[in-house]
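Trainee: generate a structure from the sequence data that follows.
(chains A and B)
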Amino acid sequence: MTVRVKQVWKVDASKRLELPLANATVQAGFPSPAHDFSETSLDLNNYLIRHPAATFFVRVQGESMKNVGIFDGDILIVDKALEPYDGSIVIACVDDEFTVKRLQIRSGRHYLVPENPDFSPILLEGDMTLQIFGVVTHCIHSF
Amino acid sequence: MKFALVDCNNFFCSCERVFRPDLTNRPVVVLSNNDGCVVARSNEVKAMGIQMGEPYFRVRSTMNINKVEVFSSNYTLYADMSQRVMSTLSTFTPEMEIYSIDEAFLQLSDLDVESGIGAEMRKRVWQWCRIPVSVGIGPSKTLAKLAAHWAKKHPETGGVFEISPDDRHIFKEIEPVDVWGFGRSNASKLRAHRIYTVDDLIRADEEWLRKRFSVMGLRTVSELKGYCCYPLQQVQQPRKSVICSRSFGHRVTDLWELREAAATHAATAGVKLRSEHLVAGSMTVFIQLLPFLPGKEGFRSLTVSFPEATSYTPNLIVAATQLIEQLYQYGSAYKKVGVYLNDLAPETEVQMNLFHRPANRDHQRTLMSALDRVNLKHGRDALIYAACGVNRGWEMRRELKSPHYTTAWTELPVVKAGGQA
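Mentor: Model (predicted):
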């Protein structure tokens, strides 16, 4: 088999890639027993965001979702790549505004249901794909 | 093998709509720097007959009457949305060339195309980013571009159109001016030779084409015939220069203001340089004079080489202010100033100068990285050099800018948790 070189690139020294080295000094003595267990540090972005291109942050205004722990001033992580299903917490466009509610599908009809007994559900009419902005995956609440 | 061109529809306007559901189906325009002229129009605005590039003051009353929503350009938002669109497209294939802020070429297999990947791409970009796109597919980049143009003009295509070199009835309806790489001046040359449509162009004599339009023109025509002459360009060319320039918000006649603006651009260019771990070997500063003094209009520029390539902001500011002082003429009015950094090299490959006392690079690097980190954390102007000015009366007008919805914690879109009680 012959191997042909198709293209040669110059090494790009202008960018850095940081890798965990875990104090890997060369020792003449006994190697550190913790060495094999080193891992990367924890990254919240990795944990909370599956589709970075489709993920947006929004700020909550109001109390209609407080029974699921979404309070006024919280930041929601919204993943637009996910398909909403019955029970998803979603961001929807109602009367030209974004609103956060739980989606309920009952005999083919879509309802936006608040999580606070002081508010009443809304029936979604028309094309649902146009009205659902995205699915809420996490809520960031500061104490 | 096929090419697809994915082109965002009215991109800046579409970005403005993402977080403003109230703007769906309402007319939207985006203005250029300094709110000077119209640079993006939604379909509703195009239908009103408002042209691209039209000065704002001239169409302002028409737009008021028609309740057009007007925005200053928000490049921070557009850049972020562009990156999202491109990264969504890259989920289909890594064989992709980002052609501009709102266009990308993708290389696809015939099987992909037959299975309807075009419609799938359009759907996914809309779902993930809320940006509407047109998709053109063809055996060459030029044909893909033409197909996208067709898709955009013909809603019945559903925004996706595949063209083949045999589609003569379509070529007969498209003018050469709409062909990628065939400028307006070439198009008028063609008209003089009774070539009015793309179909005429394809059937023109090749030898004649080569003589009149060089080998580039001939290649474009080969591409229209379905031969691929321009492969995908995936490897990004290493950056050759960093440019920072802005028009002033009003006419500037004062050296003091010019100096502040030049220093500010030099500092911004320095941040860009360091973020890519580069150093610059030389700097060019240019100024644009206001054209209403006959015989005095135009650009003037001066260049200086650094004794040792640098990305150290104080070096850049000193050079920029010295150049601007030499360029300045008392009694002239200025419209724009800009700073170019050239002869870029990775910061790890700095050539020492035999006749120059070496700077304390470690000290400079530590200082700059501290500065950049503070500004990253606390906002871009948290720490500035006094030479850049505090009041900045010269800064451009952007009175109608939308929030930085996706890049600033303080400007996130708001969702209501309310409703009927």
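Trainee: count the neighbours of residue 53 for me.
Mentor: Here I'm looking at chain A. With neighbours defined by other C-beta atoms under 10 Å in any protein chain shown, the count for A:A53 comes to 21. Using the backbone N, CA and C atoms, a C-beta is placed for each residue, glycine as well.
Trainee: chain B is the one I meant
Mentor: Applying other C-beta under 10 Å, we find 9 residues neighbouring B:G53.
Trainee: for it, give its distance to B:A382.
Mentor: 37 Å (C-beta to C-beta, to the nearest Å).
Trainee: likewise for B:V125?
Mentor: 35 Å.
Trainee: with neighbour numbers in mind, choose between the two.
Mentor: Legend: neighbour count by other C-beta under 10 Å for B:V125 and B:A382, higher for B:V125 (24 against 11).
Trainee: thought the more buried one was touching B:L89?
Mentor: Yes: between B:V125 and B:L89 there is a contact under C-beta atoms under 8 Å: 6.8 Å.
Trainee: quickly list what's touching both of these two.
Mentor: Residues within reach of B:V125 and of B:L89 at once, by C-beta atoms under 8 Å, 6 or more residues apart in numbering or on different chains, are B:V6.
Trainee: show me what the helix ranked longest in chain B is packed up against.
Mentor: Using DSSP state H, we find that the single longest helix of chain B is helix B:255-275. Contact analysis of helix B:255-275 by 3 or more C-beta pairs under 8 Å, 6 or more residues apart in numbering or on different chains; DSSP states H and E lists strand B:242-252, strand B:278-289, helix B:313-327, strand B:334-346, helix B:361-378 as its packing neighbours.
Trainee: mind giving me CSV with those and columns for mean pLDDT and distance to chain A?
Mentor: Output for the helices and strands packed on helix B:255-275, formatted as CSV (pLDDT from 0 to 100; distance: least, C-beta to the nearest C-beta, whole Å):
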stretch, mean pLDDT, distance to chain A
strand B:242-252, 82, 13
strand B:278-289, 90, 6
helix B:313-327, 92, 18
strand B:334-346, 89, 4
helix B:361-378, 87, 12
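Trainee: need these in JSON lines with mean neighbour count, can you?
Mentor: Rendered in JSON lines, the data for these read as follows (neighbours: other C-beta atoms under 10 Å in any protein chain shown):
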{"stretch": "strand B:242-252", "mean neighbour count": "18"}
{"stretch": "strand B:278-289", "mean neighbour count": "21"}
{"stretch": "helix B:313-327", "mean neighbour count": "20"}
{"stretch": "strand B:334-346", "mean neighbour count": "21"}
{"stretch": "helix B:361-378", "mean neighbour count": "13"}
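Trainee: which stretches of chain A have low pLDDT?
Mentor: For chain A, residues meeting the criterion pLDDT under 70 lie at A:1-40, A:128-130.
Trainee: show me where it has helices.
Mentor: Counting by DSSP H, the helices of chain A are A:44-48, A:128-131.
Trainee: report the buried residues of the longest one.
Mentor: Judged by neighbour count (16 or more other C-beta atoms under 10 Å in any protein chain shown), helix A:44-48 contains no buried residues.
Trainee: briefly note if it comes near chain B.
Mentor: No: Helix A:44-48 lies apart from chain B when judged by C-beta under 8 Å from any C-beta of the partner chain; the minimum separation is 14.2 Å.
Trainee: give me the contact list for that helix.
Mentor: Residues outside helix A:44-48 that contact it (C-beta under 8 Å, 6+ apart): A:52, A:77, A:137-138.
Trainee: repeat that for 6 Å
Mentor: Residues from elsewhere that reach helix A:44-48 (C-beta atoms under 6 Å, 6 or more residues apart in numbering or on different chains): A:77, A:138.
Trainee: contact partners for the residue positioned nearest the centre of chain B?
Mentor: Most central in chain B under C-alpha atoms, centre = their mean is B:I101, positioned 5.5 Å from the mean C-alpha point. Applying C-beta under 6 Å, 6+ apart to B:I101 gives the contacts B:S82.
Trainee: make it 10 Å
Mentor: B:8, B:11-12, B:75, B:78-79, B:81-83, B:85-86 (C-beta atoms under 10 Å, 6 or more residues apart in numbering or on different chains).
Trainee: make sure B:Q51 is indeed in a helix.
Mentor: No: counting by DSSP: H, G, I helix; E, B strand; the rest coil, one finds B:Q51 to be coil, located in no helix.
Trainee: wait, it sits on B:V38?
Mentor: Yes: proximity of B:Q51 to B:V38 meets the contact threshold set by C-beta atoms under 10 Å, at 7.4 Å.
Trainee: joint contacts of these two?
Mentor: In contact with both B:Q51 and B:V38: B:45, B:58-59, using C-beta under 10 Å, 6+ apart.
Trainee: who does the strand or helix carrying B:D7 pair up with?
Mentor: In this structure, B:D7 is located in strand B:2-8 according to DSSP states H and E. Strand B:2-8 has its sheet partners listed here by DSSP bridges as strand B:103-108 (antiparallel), strand B:133-138 (antiparallel).
Trainee: hey, which of these is tucked in deepest?
Mentor: The highest mean neighbour count among the strands paired with strand B:2-8, using mean count of other C-beta atoms under 10 Å in any protein chain shown, belongs to strand B:133-138: a mean of 27.
Trainee: please parse chain B into its domains.
Mentor: Following automatic domain parsing, one finds the domains of chain B at B:2-157, B:165-224, B:241-388.
Trainee: for chain B, which spans come out with low pLDDT?
Mentor: Counting by pLDDT under 70, the ranges of chain B that qualify are B:236-238, B:291-297, B:351-359, B:396, B:419-421.
Trainee: which one is B:S222 nearest to, not counting chain neighbours?
Mentor: B:C229 (5.4 Å; C-beta to C-beta, 6 or more residues apart in numbering or on different chains).
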